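Engineer: structural data only, the sequence is not supplied:
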């Protein structure tokens, strides 16, 4: 087995692990919503985690270098998804910090 093949396997396992973690966190966010936490804050968290899962799934496809994976299509999906992750993740973070700050007063 070549070094390149080992790196591909390690990358695939790592990306798949992040997909699983993002999905788990997405369900944690849904649990917080069900528990009555501020809905906008936690919907942003769920959107961010769902988008993270999509990004890392696509990166896992990229690392496999399968012939049917078209890079131009992959990048067309990755870039706007990364934008959604950034906007929803930062907005969630600021709102969650604000909520925590208010709860300590």
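Structural biologist: Nice, thanks for sending it over. Note that the structure is a prediction, hence the values are computed from the model and not measured.
Engineer: which residue ranges form the helices in this protein?
Structural biologist: Taking DSSP state H, the helices of the chain run over residues 3-34, 39-64, 71-103.
Engineer: tell me which of the ones you listed sits most buried.
Structural biologist: Of all the helices of the chain, helix 39-64 has the most neighbours on average by mean count of other Cβ atoms under 10 Å, namely a mean of 19. Where you see a C-beta, it was placed from the backbone N, CA and C, and this is true even at glycine.
Engineer: so what does that helix touch, helix or strand wise?
Structural biologist: Secondary-structure packing of helix 39-64 (3 or more Cβ pairs under 8 Å, 6 or more residues apart in numbering; DSSP states H and E): helix 3-34, helix 71-103.
Engineer: got a markdown table for the ones you listed, with distance to residue 44 too?
Structural biologist: Formatted as a markdown table, the helices and strands packed on helix 39-64 follow (distance: least, Cβ to Cβ, whole Å):
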| stretch | distance to residue 44 |
| --- | --- |
| helix 3-34 | 9 |
| helix 71-103 | 4 |
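Engineer: can you put the ones you listed in JSON lines and add mean pLDDT?
Structural biologist: As requested, the helices and strands packed on helix 39-64 are exported to JSON lines (pLDDT from 0 to 100):
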{"stretch": "helix 3-34", "mean pLDDT": "93"}
{"stretch": "helix 71-103", "mean pLDDT": "91"}
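Engineer: thank you kindly, that will do.
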